[in-house]
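# Sequence plus the predicted model coming up.
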Amino acid sequence: MPTFQPVRGMRDLLPEDAEALNNVIATTRETAKLYGYREVITPVVEPYELLSAKSGEEIRQRMFTFKDLGDRMVALRPEFTASIARLATTALRNEPKPLRVFSVGSVYRYDEPQRGRYREFWQANFELIGSSMPEADAEVLLLTNSVMKTLGLRNYSFKIGHVGVIRGILSQENVDDTIQNLILQRMDKKEYDEAFKLIEQEKCREVLQGLSALKGATPFETAEKIRQYVAGYAKAEAAANNLIEILQLATAMGCPIGTVDAAFARGLEYYTGMIFEVNVPELDVALGGGGRYDKLIEIFGGEPTPAVGVAHGLDRIVLAMQTQKLRSPIQRKKTAVVIPVKQELRAEALKLAQMLRDAGVSVEFEVMGRKMAKALEDADKRKVDYAVIVGERELKEGTVVVRDLAKREQTTVDIAKLAAKIRD
Ligand code: AMP
């Protein structure tokens, strides 16, 4: 038999990588609790129709789609929002608003694999459903800021835009929704010329070109320029005012807004309002992104319900932390290995190991039947903190020998004080 490798774009996360990911997951989960988001767990496999309805051409083409044995067209989720919107129109339909929902798990997209881009990756997802207020938009920015800050990331910044500005102009110029979506998709890929070519009307094309070129010295200045530029386009003007309000709230709370970009668009088709991304200088891919989607729940058969959300790309956050040489804010607990001096002491030693676990200490038991020197050498190699050496004479006195493997020092410790000694 040949040896097997993971499928292209899929990765094994070995213990250190799995730990790094789990630590980031723990931080997002903790943040969710602090902001009042309740966790739900939804299926990895969803109806194709649900996932494709408003995700946009880009994501539709990259979905892992198949027919199950019952002839149902299904797909692996490429993101969480569609699943949460499904819940908001079914099982959670009658929940009081606002509804704050958190999810974390793997998602799947047939992207071209490269650094920070995989076909199976992890997202932590926050949705705030039921509010159209700018403080709701600000909240998803702030909780994203909290996650980044808690993890110790440096120099990250937000890029913000507003789909309502572009759509406002296009709608008033009678460009229909299908063309609008195509234009936004092209803009998302920064193919601006291609995007503008899709606009038949010359005047409208010029307006959009002018809009995308707007730049100010600060994010506020850019936003203000946008606001003045779109005067006369009522919906676009309202969108620009909304953007400024969100910007004010987020900035007042210390959220580092790097840029406001009038030509910023995102691949997902369901966005209707503020959109954003968070980046670090070391990576050329975003660590997270989100925005407002006020029509999706209605499209899925619910009451018209405004909503805003964000997905954090956990693999990329881990990558950014590694690049910035950051350690997880979660303190690693001390570990121990219990080694009986001779086979006859196995049962006593096992009891001792269990006693330590019951006291919350992470304990391995020597199961290879190795001689003491070899067992110690192995534990040291694997960076275990302490070896608990169980010997006959010590046992009789109610003690064991504890060896600090890093310091290469050993002392005799009362069994009653053993757990505390290792923990602290
Ligand atoms: P999106 O749903 O496209 O807004 O993506 C949200 C976040 O997921 C992005 O900001 C990335 O951090 C992450 N992400 C998207 N695609 C990939 C991928 N192929 N591999 C790893 N992370 C990804």
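Sure thing, it's come through.
# Wondering if stretch 105-113 reaches the ligand at all.
Yes - contact between stretch 105-113 and the ligand, assessed by Cβ under 6 Å from any ligand atom, occurs at R109, D111. (Glycine included, C-beta is placed from N, CA and C.)
# what sits up against that stretch?
Contacts with stretch 105-113, where a contact means Cβ atoms under 8 Å, 6 or more residues apart in numbering, come from 8-9, 41-42, 44, 59, 61-64, 76-80, 117-123.
# In helices, which of the residues you listed appear?
In helices, judged by DSSP state H, the following of these are found: I59.
# Would you check the distance separating stretch 307-325 from the middle of the chain?
Taking the mean of its C-alpha atoms, stretch 307-325 sits 5 Å from the chain's own mean (Cα atoms, centre = their mean, to the nearest Å).
# From the contacts of stretch 105-113, keep the buried residues only.
For these, a neighbour count by 16 or more other Cβ atoms under 10 Å gives the buried set as 9, 42, 59, 62-64, 76-80, 118-123.
# Phi and psi next, for V413.
As for V413, its main-chain torsions (degrees, to the nearest 10) stand at phi -130, psi 140.
# Pick out the residue of the stretch 251-400 of the chain closest to the ligand.
Nearest to the ligand in the stretch 251-400 of the chain, going by Cβ to the nearest ligand atom, is G313, at a distance of 1.8 Å.
# and Q5, how many residues sit next to it?
The local packing of Q5 (other Cβ atoms under 10 Å) involves 8 other residues.
# backbone phi and psi for it, please?
Main-chain dihedrals, Q5, degrees, to the nearest 10: phi -120, psi 160.
# Can you check what pLDDT the model gives R332?
With respect to pLDDT, R332 has a value of 81.
# Doesn't it lie inside a strand?
No - counting by DSSP: H, G, I helix; E, B strand; the rest coil, R332 falls outside a strand, being coil.
# Report the entries of the buried ones among the contacts of stretch 105-113 that also contact the ligand.
For the ligand, the contacts drawn from those by Cβ under 6 Å from any ligand atom are E79, Y118, F121, Q123.
# Between which two of the residues you listed is the distance greatest?
E79 and Y118 (14.1 Å; Cβ to Cβ).
# just checking, next helix/strand downstream of the helix or strand in which A85 is found?
Assessed by DSSP states H and E, A85 sits inside helix 81-88. Remark: after helix 81-88, the chain's next helix or strand is strand 99-108, criterion DSSP H and E.
# Please identify the pairing partners of that following strand and their relative orientation?
Applying DSSP bridges, strand 99-108 is found paired with strand 38-39 (parallel), strand 120-129 (antiparallel).
# Mean confidence (pLDDT) on it, please.
98.
# Okay, buried residues for that strand please.
Within strand 99-108, the residues scored as buried using 16+ other Cβ under 10 Å are L99, R100, V101, F102, S103, V104, G105, V107, Y108.
# Spit out the contact partners of the nearest residue to I179 once chain neighbours are set aside.
Nearest residue to I179, sequence neighbours excluded (Cβ to Cβ, 6 or more residues apart in numbering): L198, at 5.8 Å. Neighbouring residues of L198 by Cβ under 8 Å, 6+ apart: I179, L182, I183, R186.
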